[in-house]
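Asks: A structural model of the following input is requested.
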Amino acid sequence: MTGDARTLEERFGWKAIGFENHMEYFVTERNCTEKPRLLPFAFLMAIACLSSLGVSARFWFADGRSMQRLVDYQSVKHLPPPSVQQSLRCLTAYVHRLTEHSSGRDLAIWENWTQWLVGQFYSPMLRTQNPRWIVSGGKGDCSERAAVLQDLLGCHGIESRFVGLGGHVVLEAQTETGTWVLDPDYGITMDLGIEQLQRQAPGHVAAKLVGHGMTGASTIEYERLIRTEQDNIQLDWNAPLSPRLKRLEEFCEIAFWLVPAVSWLFVAWNIRPSRD
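Replies: Model (predicted):
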């Protein structure tokens, strides 16, 4: 019996315990180790499902008018311009028609849930500099409409920069013939730069604006904005209105797609069968 027990122990890992008239065999405990888990499985599943729902919501809640504006916007970006001067006028008028002025348009949760979530703790992130979302919503303030125009100008190889005028924001465009002032919020273009306009005789700017169809009272107010020294700033050429916020927004867009993908990878890693 001892030889048989030794054979069983060597072959199967069984140990033999002898009693007076009989022998019992039992299986030894194996040293099994569970796979380490970085996060609880239920928490991973919740993140994966909720983030995937956020991605799906972008397509579920997109209406036909928004998609039509985006398709039209993309086609305009790739149209060959007849000339630089005509491009400046046509693109400024196009952004003015495509969007309407609004100062209260916040990013919706279904557009980018990661940016919306960050915006609950840092309110500037609830606004967007992304021309795609501005065009999709069809609304924006003066700076957001200028961001759309800057994006179009960049696609046509025209340099531009933001200029602040007493709280109002316009674009300056640099061309071979000189500097232009472009204001998509009012739908006007002027073939002079800000500094040149400020050196004009009083009433000259208002007269030019009347030629663009503005009324007398509006022209006087606009000329006052041109000549103001309050909040009169010029950013670098082709620079965004807020580089820091734009980087944060780009990070949120990456996270929008990356979080569900990584979450499902961790879920798959947790449920894969373990090896003995």
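Asks: Kindly state the beta-bridge partners for residue 165.
Replies: Taking DSSP bridges, one obtains residue 168 as the residues bridged to residue 165.
Asks: how near is it to residue 216?
Replies: 20 Å (CB to CB, to the nearest Å). Quick note: C-beta positions are derived from backbone N, CA and C, even for glycine.
Asks: So if I had to pick from these two, which one is more boxed in?
Replies: Neighbour count, other CB atoms under 10 Å: between residue 165 and residue 216, residue 165 has more, with 22 against 10.
Asks: Surely the more buried one is in contact with residue 228?
Replies: Yes. Using CB atoms under 8 Å, residue 165 is in contact with residue 228, at 5.9 Å.
Asks: Could you list the single helix or strand in this protein with the lowest mean pLDDT?
Replies: Every helix and strand in the chain was compared by mean pLDDT, DSSP states H and E; the lowest is strand 23-27, with a mean of 44.
Asks: quick one, what contacts the residue lying closest to residue 142 once chain neighbours are set aside?
Replies: Nearest non-adjacent residue to residue 142, counting by CB to CB, 6 or more residues apart in numbering: residue 185, 4.1 Å away. Counting by CB atoms under 8 Å, 6 or more residues apart in numbering, residue 185 touches 96, 101, 141-142, 145-146, 168-170.
Asks: ditto for residue 263
Replies: Shown in contact with residue 263 (CB under 8 Å, 6+ apart): 44, 47-48, 51.
Asks: count of residues packed around residue 207?
Replies: 12.
Asks: Check which helix or strand it maps to.
Replies: Assigned by DSSP states H and E, residue 207 belongs to helix 204-210.
Asks: so after that helix, what's the next helix or strand?
Replies: helix 216-227.
Asks: gap between that next one and the chain center?
Replies: How far helix 216-227 lies from its chain's middle: 34 Å, per CA atoms, centre = their mean, to the nearest Å.
Asks: in it, what counts as buried?
Replies: By neighbour count on 16 or more other CB atoms under 10 Å, the buried set for helix 216-227 is 219, 222-223, 225-227.
Asks: Out of these, which comes closest to residue 194?
Replies: residue 226 (7.0 Å; CB to CB).
Asks: which residues touch stretch 56-70?
Replies: 98, 108-113, 132, 135-138.
Asks: Could you turn the buried ones of those into a ChimeraX selection?
Replies: Selecting only the buried entries of those in ChimeraX, with 16+ other CB under 10 Å as the criterion:
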select :98,108,109,110,111,112,113,132,135,136,137
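Asks: Dump the contacts of stretch 56-70 into TSV; add distance to residue 190 as well.
Replies: Formatted as TSV, those follow (distance: CB to CB, whole Å):
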residue	distance to residue 190
98	21
108	35
109	40
110	39
111	34
112	36
113	41
132	28
135	24
136	29
137	28
138	26
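Asks: Could you work out the most separated pair of the contacts of stretch 56-70?
Replies: Counting by CB to CB, the most remote pair of these is 98 and 113, 26.0 Å apart.
Asks: pLDDT (mean, whole number) over the longest helix along the chain?
Replies: Ranked by number of residues, the top helix in the chain under DSSP state H is helix 243-271. Mean pLDDT, helix 243-271: 91.
Asks: what comes up buried for it?
Replies: Residues of helix 243-271 classed as buried: 245-246, 248-249, 252-253, 255-256, 259-260, 263-264, 266-267 (neighbour count, 16+ other CB under 10 Å).
Asks: mind showing which ranges of the chain have poor pLDDT?
Replies: 1-39, 81, 104, 230-231, 273-276 (pLDDT under 70).
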